[in-house]
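J.: sequence isn't available, so here's the structure alone:
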């Protein structure tokens, strides 16, 4: 009878909502139309294995640098920020401490190739400048053009810029040279180019910056040919040769205006080198060289009347969730982490404090539509399962499946997970409901499904989690059917029904074996109609008829 009920339930779900959104786009680079048609018996038998095959993160993304893609691409279409970090760290061959390898990395290899290619062009650039009767010059930005900031950006700042901490690093002259650039600058200087520095660092940082350059081996930079940004204090004022549309100059206005000034002194800027497109826009250079940098993005509108499409960020990316793409795609092929953050914030309609809009956002729209689409099929399956005595149940993860963690992830943690801070939020029951899920879950309960909670939160957080769920409107979660992770202390020990390959269980081992337990006589003998989660690791491992993947680009738990 149970198999008949399960078969009917599964077919009902599949017929009413193909794959129940097995993911907003699970394997997501192609459309999925559900498992191959088979008999009802074999359909149920093969459903879990087919679903596991589909439960893989997307690898192809379209993302505009300004974050606007968050309005249209959906949650699965946004590069996951944890995967982006992992890809960046692979590219820089960085350790778990966020320190880049200074000897060998894909970044070093790419820089060596870029610089070697450009060095071969120096003679031609020099002769062309001389032919114009001007003094040949090359302009270099500082951060990640001549000085490498990776260790500060990752290890010290965790990819969240801190001006005060940056000044400590600048004044301490802590930056190594950007790979291959010392030799390039020396070769240009030897050929006869005059070397100029042009950076967004301020006048108070000029002396330390020039000293840092000298410290790591550069010889062509001098204080009188090194341009830094005015502070507006004392003698550090906007130069007369810089003309800006508003009181606050844009990066392009400042840098292009400075290059124009350099050329007015009889120089021809044969080459302008920078790691940001805003270092290069605005003209006043014969040629530009863009160096790779996925660790931050400093946009700036181009000068009026300028159209430089080649100086625009990439919009299409290939990225595997495990970070391995960092070995092969090159720096421009990695989604820039600042653009990813901006896209995520657009998706959640979050303000500058990292607080999501709880009324209107692309995320709310996507979740609400998903809930409306799934609920009829789910309630029908729950009702049928009850009629046939199958003890139907649905399994639900907590974070970003039933409870929305965005404000904690962005506003409180700045996308850097902090376990003690997370516990403060958990114990304080601070999480709102995930959009669309209260109505879906309560409808499933009312239609005859038992609610099973299954989360990576630990046993010490169980009571607060259930309290939070009740607080935001869920009904039907009970302690006996709410599974949390053991702590290894006191009575909170690994259950006998969990068997793991090593001492530390994986998420998939813990969750899939718990689902198997739920479907066993000792666990209640339930039939799990649907398993809801925001992580693929919530869903892989079978022991549920249909997995339902909810969107979440804010973290990745493999």
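T.: Noted; the coordinates are in hand. On a predicted model such as this, the values are computed, not experimentally measured, just so you know. Numbering: from 1, shown residues only.
J.: hey, let's count contacts and neighbours off CA atoms from now on
T.: Will do.
J.: how about stretch 104-111: buried residues?
T.: For stretch 104-111, the neighbour count (16 or more other C-alpha atoms under 10 Å) marks 105, 106, 107, 108, 109, 110, 111 as buried.
J.: tell me which helix or strand the fifth one sits in.
T.: With elements delineated by DSSP states H and E, residue 109 resides in helix 106-119, which encompasses its position.
J.: now the element after that helix, going C-ward?
T.: For helix 106-119, the succeeding helix or strand toward the C-terminus, using DSSP H and E, is helix 122-131.
J.: who touches that next one?
T.: 135, 136, 188, 191, 192, 193, 268, 269, 270, 271 (C-alpha atoms under 8 Å, 6 or more residues apart in numbering).
J.: mind checking which of those residues are buried?
T.: 135, 136, 188, 193, 268, 269, 270, 271.
J.: which strands and helices sit next to whichever strand or helix holds the last one?
T.: Using DSSP H and E, the secondary-structure element containing residue 271 is strand 267-274. In terms of contact count using 3 or more C-alpha pairs under 8 Å, 6 or more residues apart in numbering; DSSP states H and E, strand 267-274 is assigned the packing partners helix 122-131, strand 135-140, helix 251-264, helix 277-280, strand 288-290.
J.: list the buried residues of the longest one.
T.: Of the residues in helix 251-264, those scored as buried under the neighbour-count criterion (16+ other C-alpha under 10 Å) are 251, 252, 253, 254, 255, 256, 257, 258, 259, 260, 262, 263.
J.: with adjacent residues omitted, what lies nearest to the last one?
T.: Read that as residue 263. residue 269 (6.8 Å; C-alpha to C-alpha, 6 or more residues apart in numbering).
J.: so what's that neighbour bridging to?
T.: Under the criterion DSSP bridges, residue 269 forms beta bridges with residue 137.
J.: cool, the one 4 residues further on as well?
T.: Applying DSSP bridges to residue 273 gives these bridge partners: residue 140, residue 289.
J.: and it, how many neighbours?
T.: Other residues lying near residue 273 total 23 when counted by other C-alpha atoms under 10 Å.
J.: can you check the one 10 residues further on too?
T.: Residues contacting residue 283 under the criterion other C-alpha under 10 Å number 21.
J.: which non-adjacent residue is nearest it?
T.: Excluding its sequence neighbours, the residue lying closest to residue 283 (C-alpha to C-alpha, 6+ apart) is residue 256, at 6.4 Å.
J.: quick one: contacts for the residue nearest to residue 263?
T.: 129, 136, 137, 138, 139, 259, 262, 263, 284, 285, 286.
J.: would you turn these into a markdown table with distance to residue 207 and pLDDT?
T.: Listed next are those as a markdown table, based on distance: C-alpha to C-alpha, whole Å; pLDDT from 0 to 100:
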| residue | distance to residue 207 | pLDDT |
| --- | --- | --- |
| 129 | 30 | 94 |
| 136 | 25 | 98 |
| 137 | 22 | 98 |
| 138 | 20 | 98 |
| 139 | 18 | 98 |
| 259 | 21 | 98 |
| 262 | 20 | 98 |
| 263 | 24 | 97 |
| 284 | 26 | 97 |
| 285 | 26 | 98 |
| 286 | 29 | 97 |
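J.: need the max-distance pair from these.
T.: Maximum pairwise distance in the contacts of residue 269, criterion C-alpha to C-alpha, is 15.1 Å, between 129 and 259.
J.: surely residue 441 meets residue 477?
T.: No. Using C-alpha atoms under 8 Å, residue 441 is not in contact with residue 477; the gap is 9.8 Å.
J.: of these two, who's got more company?
T.: Higher neighbour count among residue 441 and residue 477: residue 441, with 26 against 19, using other C-alpha under 10 Å.
J.: contact partners for the more buried one?
T.: With C-alpha under 8 Å, 6+ apart, residue 441 has these contacts: 451, 474.
J.: that one should be in a helix, yeah?
T.: Yes. According to DSSP: H, G, I helix; E, B strand; the rest coil, residue 441 belongs to a helix.
J.: ok, it to residue 476 distance?
T.: To residue 476, residue 441 is 9 Å away according to C-alpha to C-alpha, to the nearest Å.
J.: joint contacts of the two?
T.: residue 451.
J.: what values do phi and psi take at residue 451?
T.: phi -90, psi 130 (degrees, to the nearest 10).
J.: okay, now it: neighbour count?
T.: Neighbours of residue 451 using other C-alpha under 10 Å come to 22.
J.: touching, it and residue 396? I think so.
T.: Yes. The pair residue 451 and residue 396 qualifies as a contact (C-alpha under 8 Å) at a distance of 7.5 Å.
J.: which SSE is residue 343 in?
T.: Here residue 343, judged by DSSP H and E, is contained in helix 337-347.
J.: so for that helix, mean pLDDT?
T.: Mean per-residue pLDDT for helix 337-347: 98.
J.: buried residues in the very next helix or strand once past it, which are they?
T.: Next in sequence after helix 337-347, counting helices and strands by DSSP H and E, comes helix 362-387. In terms of neighbour count (16+ other C-alpha under 10 Å), helix 362-387 has its buried residues at 362-368, 370-371, 373-386.
J.: next: stretch 505-515.
T.: When burial is assessed from 16+ other C-alpha under 10 Å, stretch 505-515 yields the following buried residues: 507, 508, 509, 510, 511, 512, 513, 514, 515.
J.: among those residues, which lie within helices?
T.: 507, 508, 509, 510, 511, 512, 513, 514, 515 (DSSP state H).
J.: local confidence estimate at the last one?
T.: Okay, so that is residue 515. 97.
J.: correct me, but it touches residue 547?
T.: No. The criterion here is C-alpha under 8 Å, and residue 515 misses it with residue 547 at 11.9 Å.
J.: between these two, which contacts overlap?
T.: By C-alpha under 8 Å, 6+ apart, no residue touches both residue 515 and residue 547.
J.: which non-adjacent residue is nearest residue 203?
T.: Using C-alpha to C-alpha, 6+ apart, the nearest residue to residue 203 is residue 228, at 5.2 Å.
J.: list the contacts of the one you found.
T.: Neighbours of residue 228 in contact, by C-alpha under 8 Å, 6+ apart: 198, 199, 200, 201, 202, 203, 205, 206.
J.: what do you get for residue 427?
T.: By C-alpha under 8 Å, 6+ apart, the residues touching residue 427 are 461, 464, 465.
J.: and for residue 210?
T.: For residue 210, the contacting residues are 221, 222, 223, 226, by C-alpha under 8 Å, 6+ apart.
J.: quick one, phi/psi of the residue of the chain most remote from its centre?
T.: Distance from the centre of the chain peaks at residue 133, with 49.0 Å (C-alpha atoms, centre = their mean). Recorded main-chain torsions at residue 133 are phi 70, psi 20, according to degrees, to the nearest 10.
J.: distance check, it against residue 121.
T.: In terms of C-alpha to C-alpha, residue 133 sits 19 Å off from residue 121.
J.: again, but for residue 530
T.: With C-alpha to C-alpha as the criterion, residue 530 and residue 121 are 61 Å apart.
J.: and these two? which has more neighbours close in?
T.: Using other C-alpha under 10 Å, the more surrounded residue of residue 530 and residue 121 is residue 530, with 26 against 11.
J.: would you map the strands across the stretch 1-150 of the chain?
T.: Along the stretch 1-150 of the chain, the segments classed as strands by DSSP state E, counting those that start in this stretch run 60-62, 135-140.
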